[in-house]
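1. my questions are about this predicted structure, shown below with the sequence.
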Amino acid sequence: MHIHSWTPAVEIEVGLGKYRHIASVEDAARHLLGDWPGHGDAHKKAQQACLDAIEEKAPASRARKAFIEACREADIFVRN
């Protein structure tokens, strides 16, 4: 399996003062499909962007940007 990594990693707050580094499309997809707080338009777009990147239909950078937007939509603090 090919890992679609991105630089820099996206740091999201997962607890008070606790951060997780999301450094690939696959890692972002796991978070989006897991226990995600809310399922709005940005969330759906991020899921599709991750799928498109995994299927080599779009660049990983597009999925990274969409993931950050989904975080903002869900009020998840992004440190970088």
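-> Alright, I've got the coordinates.
2. surely Glu11 is in contact with Arg79?
-> Yes. Using Cβ atoms under 8 Å, Glu11 makes contact with Arg79 at a distance of 4.0 Å. (Glycine included, C-beta is placed from N, CA and C.)
3. shared neighbours of those two, which are they?
-> Tyr19 (Cβ atoms under 8 Å, 6 or more residues apart in numbering).
4. pick out whichever of the two has more residues nearby.
-> Glu11 (15 against 10; other Cβ atoms under 10 Å).
5. buried sites along stretch 23-36?
-> 23-29, 31-32 (16 or more other Cβ atoms under 10 Å).
6. so which of those residues sit within helices?
-> Judged by DSSP state H, those include 25-29, 31-32 as members of helices.
7. just those residues now: which is nearest Glu73?
-> Closest approach between these and Glu73, by Cβ to Cβ: Leu32, at 11.2 Å.
8. which one is the closest one nearest to, not counting chain neighbours?
-> Spatial nearest neighbour of Leu32, excluding adjacent residues (Cβ to Cβ, 6 or more residues apart in numbering): Gln47 at 5.2 Å.
9. doesn't Ala29 make contact with that neighbour?
-> Yes. Counting by Cβ under 8 Å, Ala29 is a contact partner of Gln47 at 7.2 Å.
10. host element of Leu51?
-> Leu51 is part of helix 41-54, with elements assigned from DSSP states H and E.
11. could you say what helices and strands that helix packs with?
-> helix 25-33, helix 60-73 (3 or more Cβ pairs under 8 Å, 6 or more residues apart in numbering; DSSP states H and E).
12. what mean pLDDT does it have?
-> Across helix 41-54, pLDDT averages out at 97.
13. what's the answer for stretch 22-29, then?
-> Mean per-residue pLDDT for stretch 22-29: 96.
14. picking that back up, dump the helices and strands packed on helix 41-54 to TSV, plus distance to His4.
-> Shown next, in TSV, are those (distance: least, Cβ to Cβ, whole Å):
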stretch	distance to His4
helix 25-33	4
helix 60-73	4
